[in-house]
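Peer 1: Got a sequence here, can you build the structure:
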Amino acid sequence: MWCRGIRGATAVPQNSKDAIIAASRELLRQMVDANGVRIDDVACILFTTTPDLNAAFPAAAARELGWLQVPLLCSQEMDVPDGFPRCLRVLMLFNTEKRNEDIVHLYLRGTEVLRDDMNKSS
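Peer 2: Numbering: from 1, shown residues only. Take a look at the predicted model:
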């Protein structure tokens, strides 16, 4: 068994608690569904947001989903000029028998442009 990472990103329509939590919940569910992740196999989840998203911790969505034993960490992305605005990114580390090339990375709501080379969600 290996510890593998699943990358995901989504655009958040506005800097509000409800919008950040909803976007985080949607992305997490799709990452889990696309990769057949069992919550017991999740090692940790790292969340980042661009500096224009600060109304809520995106990890709160995981807690609302009942993921009470999963270590979670929120951080802020670098403020890069011309970066993708209102962007929420997730790195989920989980234990699996899958090979790296079998992991489905998800880029939603316009963030596909961030990693066209990895995007399998389209």
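
Peer 1: Just confirm residue 53 contacts residue 17, I think it does.
Peer 2: No - using Cβ atoms under 8 Å, residue 53 and residue 17 do not qualify as a contacting pair, with a distance of 10.5 Å. The C-beta positions use only the backbone N, C-alpha and C, and glycine is treated the same way.

Peer 1: Go ahead and flag the most central residue of this protein.
Peer 2: With distances taken as Cα atoms, centre = their mean, residue 90 lies nearest the centre of the chain, 2.5 Å away.

Peer 1: out of residue 53 and residue 17, which sits in the busier spot?
Peer 2: Comparing residue 53 with residue 17 by other Cβ atoms under 10 Å, the one with more neighbours is residue 53, at 23 against 11.

Peer 1: Helix, strand or coil: sort out the more buried one for me.
Peer 2: When states are read from DSSP: H, G, I helix; E, B strand; the rest coil, the local structure at residue 53 comes out as coil.

Peer 1: thought residue 107 was touching residue 90?
Peer 2: No - contact criterion Cβ under 8 Å: residue 107 and residue 90 do not qualify, at 10.7 Å.

Peer 1: What's opposite the residue nearest to the centre of the chain in the beta bridge?
Peer 2: residue 8, residue 47 (DSSP bridges).

Peer 1: and it, what does it touch?
Peer 2: When contacts are counted by Cβ atoms under 8 Å, 6 or more residues apart in numbering, residue 90 touches 6-9, 24, 27-28, 31, 45-48, 58.

Peer 1: Residue 80 is in what secondary structure piece?
Peer 2: Element membership of residue 80, judged by DSSP states H and E, is empty: it is in no helix or strand.

Peer 1: should've said residue 6
Peer 2: For residue 6, the host element (DSSP H and E) is strand 2-11.
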